[in-house]
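Engineer: I would like the atomic coordinates for the input below:
(one chain, ligands or ions: 2)
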Amino acid sequence: MTLSPANPAVLRVSGLRVTYGPTVAVDGIDLAVAEGEIFGLLGPNGAGKTSALSAIEGLIVPREGNITVAGTDVHADAMRAKAQMGVQLQSTSFHSELTILEIVRLFAGLYGVALTPSELHKRLVEISLDDGASKRFRQLSGGQQQRLSLLIATIHRPPLVLLDEPTAGLDPQARRQLWDRIQSLRAEGHSILLTTHSMEEAQAVCDRVAIMDHGRILTIDTPAGLIEAHKDDPRVRAVARGAITLEDVFIGLTGRQVRD
Ligand SMILES: Nc1ncnc2c1ncn2[C@@H]1O[C@H](COP(=O)(O)OP(=O)(O)OP(=O)(O)O)[C@@H](O)[C@H]1O
Ligand SMILES: [Mg+2]
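Structural biologist: Ligands and ions are numbered 1, 2, ... in the order given. Below you'll find the model as predicted:
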């Protein structure tokens, strides 16, 4: 799962800076996501996670930095780079009156993906929506909506999948179901970059995580590696309530102060 010449990065970000007027949202970050890796971007509210994803997705133009997806420079060849990505935004909505089947057919058409009826059925089974395919979007639970939006984001089987807080607001059952699907995507060879506020989620599904704050990456490693590396940091020890957890490392490095 680690980066090596035999397993090159599907996503490579270097020196990324994103600003909104005087606000510096991303202040020079470097990261790489390997083929078949689930990489988690953690950070308090306002840390710059969505801004970093938006720059990778080509939705905003960064002030500085280089981004390549599957070897293609996002800035120099935006169309080609975008074809290599699947994107789930922090909140996704579809037309409320369309059924699941209609939505999947619509986006398959837009992406130029030809799906036979049996392939379509297989895609719905993958996200456990085959039973409710005739349900309208407005009738879906939060978990079903998130799974549908993940199906749409990956309908063209992109090498890189970008998910902004994919499990926010879901109950434990729906969250587990989405974790399973995200791990299946990895097993199918996709690389995944996701953001989350759940340390449990980061530990459960991410191969590596970066902790970000004030637009900078503070540390990157496996969840276990982060605990090992920071367990003796006095800031981490000061917030621990027992054996050191990933959350202790997170709070220790980013501080206890609540962000607005
Ligand atoms: N469109 C915008 N215009 C101006 N400032 C923005 C805009 N989007 C984000 N910001 C600011 O940029 C900084 C980073 O915001 P961003 O949304 O990237 O953080 P985040 O880590 O995704 O936070 P959250 O966990 O709340 O989703 C914040 O200070 C935010 O207020
Ligand atoms: Mg965000």
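Engineer: Can you give me the separation between residue 75 and ligand 2?
Structural biologist: 22 Å (Cβ to the ion, to the nearest Å). Every residue, glycine included, has its C-beta placed from N, CA and C.
Engineer: ok, now which ones touch that residue?
Structural biologist: 61, 66, 67 (Cβ atoms under 8 Å, 6 or more residues apart in numbering).
Engineer: for the first one, phi and psi?
Structural biologist: Reported as degrees, to the nearest 10, the phi and psi values for residue 61 are phi -90, psi 120.
Engineer: Which helix or strand contains the residue of the stretch 51-200 of the chain found nearest ligand 1?
Structural biologist: Ranking the residues of the stretch 51-200 of the chain by distance to ligand 1 (Cβ to the nearest ligand atom) places residue 51 first, at 3.3 Å. Under the criterion of DSSP states H and E, residue 51 resides in helix 49-57.
Engineer: So what touches that helix?
Structural biologist: 11, 13, 16, 18, 20, 25-26, 29, 41-43, 60-62, 65, 67, 69, 74, 82, 85, 87, 90, 162, 164, 193, 195, 212, 215.
Engineer: Which of those fall within helices?
Structural biologist: Among the contacts of helix 49-57, the members found in helices (DSSP state H) are residue 82.
Engineer: Just the buried residues of the contacts of helix 49-57.
Structural biologist: Using 16 or more other Cβ atoms under 10 Å as the burial test, the contacts of helix 49-57 include 11, 13, 16, 18, 25-26, 29, 41-43, 60, 62, 65, 67, 69, 74, 82, 85, 87, 162, 164, 193, 195, 212, 215 as buried.
Engineer: Near the closest residue to residue 100 other than its chain neighbours, how many residues? Count them for me, please.
Structural biologist: Nearest non-adjacent residue to residue 100, counting by Cβ to Cβ, 6 or more residues apart in numbering: residue 133, 4.9 Å away. Here the count is done by other Cβ atoms under 10 Å, and residue 133 has 15 residues near it.
Engineer: now residue 105
Structural biologist: Neighbours of residue 105 (other Cβ under 10 Å): 14.
Engineer: Isn't it up against residue 123?
Structural biologist: No: the pair residue 105 / residue 123 is not scored as a contact, 10.8 Å apart, by Cβ atoms under 8 Å.
Engineer: Please enumerate the shared neighbours of those two.
Structural biologist: Any residue near both residue 105 and residue 123 by Cβ under 8 Å, 6+ apart counts here, and that gives residue 115.
Engineer: As a check, name the ranges of all helices in the protein.
Structural biologist: For the chain, applying DSSP H gives helices covering 49-57, 78-82, 100-111, 117-126, 142-153, 172-187, 199-205, 223-230, 234-239, 246-254.
Engineer: circling back to that earlier point, list, out of the buried ones among the contacts of helix 49-57, those positioned next to ligand 1.
Structural biologist: Residues of these in contact with ligand 1 (Cβ under 6 Å from any ligand atom): 25, 43.
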